[in-house]
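> let me see the structure of the following:
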Amino acid sequence: MTDELAWETVDSRTSYTCEGFDILTDTVRFPSGEEAEFDYLSEGESVVVLPFTPDDEVVAIEQWRQPVGRVNRALPAGSMEDEDTDPEACVARELEEETGYLPGEVEHLTTIEPANGFSDAVFHYFVARDCEPSGERDLDYNEDIRVDTTTFDALVDAAREDELRDGRSMLGVLYFEVFGDEQ
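Numbers count the residues shown, from 1 in each chain. Alright, predicted model coming up:
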């Protein structure tokens, strides 16, 4: 059954494409019958990993972010690729590519749509335990990443003190702080 608030997509086209995302333009029909164009950013699904070492340190990264003009501290994250069968399968690949760490146990935390008013992005959050630095980093040509470990409490403090600016990471850290292993 269709919800009475649902918009009908009459047509859809890619208006702009670049590495990392597309801008789509949909012609939509509102419940009132009126039609209009609606533009949104399409980047698909990603995973965000909260990786703990056997010593309960968190593997964190620092990476330049061009839109804000600074290096940001963050949790490892990355887009799902065609060969990823599900989000959990993507966790080990992304963690290894960005940090050189391989996960032990992996658990799903939550899935969110961070900006569903203007983007179709979906973030799948996972906690990875017993992560060991035994993999091979494989950074993309446009990734320059510094890897470090820190305590979880230091990340919570950074969030509280406005020093953890990456939204994906902030949400993952605070979600885990509030709900932990209660899933």
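> hey, where'd the strands end up in this protein?
Assigned by DSSP state E, the chain shows strands spanning 8-18, 21-29, 35-42, 45-51, 57-65, 70-74, 77-79, 106-112, 122-128, 145-151.
> the fifth one versus strand 45-51: what angle between them?
This points to strand 57-65. With axes from the mean of the first three to the mean of the last three Cα atoms, to 10 degrees applied, the angle from strand 57-65 to strand 45-51 works out at 130 degrees.
> so what does strand 57-65 touch, helix or strand wise?
Helices and strands touching strand 57-65, by 3 or more Cβ pairs under 8 Å, 6 or more residues apart in numbering; DSSP states H and E, are strand 45-51, strand 70-74, helix 87-99, strand 145-151, helix 152-160. Just so you know, the C-beta spots here come from the backbone N, C-alpha and C atoms, and that holds for glycine as well.
> for the ones you listed, which one sits closest to Ala115?
strand 45-51 (12.4 Å; Cβ to Cβ).
> report how many residues lie close to the residue nearest to Glu81 when sequence neighbours are not counted.
Leaving aside its chain neighbours, Glu81 sits nearest to Cys90 (7.3 Å; criterion: Cβ to Cβ, 6 or more residues apart in numbering). Residues lying near Cys90 (other Cβ atoms under 10 Å) number 22.
> and if you look at Pro76?
26.
> again, but for the one 3 residues further on
A total of 15 residues lie near Ser79 under the criterion other Cβ under 10 Å.
> still on that earlier bit, pick the most deeply packed of the helices and strands packed on strand 57-65.
strand 45-51 (a mean of 24; mean count of other Cβ atoms under 10 Å).
> who does it pair up with?
strand 77-79 (antiparallel), strand 122-128 (parallel) (DSSP bridges).
> out of the ones you listed, which comes closest to Asn142?
Comparing those by Cβ to Cβ, strand 77-79 comes nearest, at 12.7 Å.
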